[in-house]
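*Asks:* How does the following fold in three dimensions:
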Amino acid sequence: MIIKQQDFNVKDLNYTIRTATINDAKNVSELRFQIDGETENMDREKGEAFIDPEGFEKIIETDTNHPRNLFLVAETDGKIIGYSRCVGNDLKRFLHKAEFGLGVLKDFWGYGIGKNLMKETISWADVNGIKKIVLYVLETNERGIELYKRLGFEMEGILKKDRILSDGKYYNTCMMARYHES
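*Replies:* Model prediction:
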């Protein structure tokens, strides 16, 4: 799906949130690769499950044409600094829900980019009949968990000892969801 572009100014940073286009594929591929190496909050280590520009072209095309998918990017001065993706399901029993994920370059944390990507996605979901948005977050990502709670997400479950991080220890993954009655 496609949303109307939104402009933001937070702490003197001007950025735009808009629907990803095919022309963004190369930049999104590079961005995802970089973000995966900046924090252990992501599912992947740097380079794992790499998606090349052609792969992102297909994803973006699919998401643009699918009524329950949304792929957004955050951009400043022509540079993509964050992305989010919400993916619906075509099975009848799950038409009401979608899974969500996002990433923002570490240099741009604290500018409300993740929050605004989420808000745009929530608005889109509410208008398009998606009742439930589900996401997974590492238990140590306290900033993310607090943001999601402020946006109406609730803890639905814990996947115990779900991930092994660089310290060799196991960590839990929190499953959170927001349900919208209409």
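
*Asks:* So for residue 140, what's the nearest residue that isn't a sequence neighbour?
*Replies:* Ranked by Cβ to Cβ, 6 or more residues apart in numbering and with sequence neighbours excluded, the top spatial neighbour of residue 140 is residue 171, at 6.3 Å. Yep, even glycine has a C-beta here, placed from its N, CA and C like the rest.

*Asks:* Enumerate every residue touching the one you found.
*Replies:* By Cβ atoms under 8 Å, 6 or more residues apart in numbering, the contact list for residue 171 reads 138, 139, 140, 161, 162, 163, 164, 165.

*Asks:* at 7 Å instead, please
*Replies:* When contacts are counted by Cβ atoms under 7 Å, 6 or more residues apart in numbering, residue 171 is found next to 138, 139, 140, 162, 163, 165.

*Asks:* Do you know the pLDDT at it?
*Replies:* Per-residue confidence at residue 171 stands at 97 (pLDDT).

*Asks:* tell me how far the ends of stretch 83-100 are from each other?
*Replies:* 11 Å (Cα to Cα, to the nearest Å).

*Asks:* what's that stretch in contact with?
*Replies:* Residues contacting stretch 83-100 (Cβ under 7 Å, 6+ apart): 28, 31, 63, 66, 68-73, 101-103, 117, 121, 125, 130-135.
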